[in-house]
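Chemist: Sequence and predicted model, in that order:
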Amino acid sequence: MFLFLVVALAVVVAAVTLAVVGGGETGPLPEAAPQRLQDPLPLERPVNRADVEALRFPLAARGYRMSDVDDALSRLGAELAERDARIADLESALAGAQAVAHGPQLSMEKPAPGAEDQQ
């Protein structure tokens with residue numbers, strides 16, 4: 001029985017030694033390629049609600065990749081600013097058109113006879 005335990009211990013030590021020393025290639029494992037944003041915002045058209053809802057950021061070692069999040073937020077901020085400017089332009093053009101339409105109305109009617117005599 002003692003001989004069996006010694007042989008089993010020798011086999012376990014040899015297996016562990018082979019796994020640590022001779023297992024695999026020489027050198028560290030290659031660095032995993034970083035994940036990049038899979039569904040970027042479209043460049044050929046304005047961003048819509050469905051694009052924002054479908055946007056998913058890949059996970060990094062400590063959360064999300066800051067550069068991916070910063071790029072997406074910059075793009076969304078620029079598009080919102082552009083839309084706000086466009087809305088302001090359209091509202092001012094509408095206000096100007098309404099002012100012209102509701103401005104002083106020049107009457108083309110002739111005054112009623114006798115209306116001049118009352119003044």
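Modeler: Nice, I can see it.
Chemist: Poorly predicted segments of the protein, please.
Modeler: By pLDDT under 70, the low-scoring segments of the chain are 22-39, 104-119.
Chemist: So for it, which residue is the most central one in space?
Modeler: Nearest to the geometric centre of the chain sits residue 72, at 3.6 Å (CA atoms, centre = their mean).
Chemist: which secondary structure element contains that one?
Modeler: helix 66-101 (DSSP states H and E).
Chemist: Show me which positions of that helix end up buried.
Modeler: Of the residues in helix 66-101, 68, 72 count as buried by neighbour count, 16 or more other CB atoms under 10 Å. Every residue, glycine included, has its C-beta placed from N, CA and C.
Chemist: Give me the packing partners of it, helices and strands only.
Modeler: If you count contacts as 3 or more CB pairs under 8 Å, 6 or more residues apart in numbering; DSSP states H and E, helix 66-101 packs onto no helix or strand.
Chemist: From the chain's centroid, how far away is that helix?
Modeler: The chain centre lies 17 Å from the centre of helix 66-101; the measure is CA atoms, centre = their mean, to the nearest Å.
Chemist: my read: the residue nearest to the centre of the chain touches residue 55, true?
Modeler: Yes - if you go by CB atoms under 8 Å, residue 72 and residue 55 touch, sitting 6.3 Å apart.
Chemist: Are there residues contacting both of the two? Which ones?
Modeler: residue 41 (CB atoms under 8 Å, 6 or more residues apart in numbering).
Chemist: name the element residue 7 belongs to?
Modeler: helix 2-21.
Chemist: can you pull the buried residues of that helix?
Modeler: So for helix 2-21, nothing qualifies as buried (16+ other CB under 10 Å).
Chemist: Residue 13 versus residue 103, what's the distance?
Modeler: To residue 13, residue 103 is 100 Å away according to CB to CB, to the nearest Å.
Chemist: Could you do residue 4 as well?
Modeler: Residue 4 is 15 Å from residue 13, by CB to CB.
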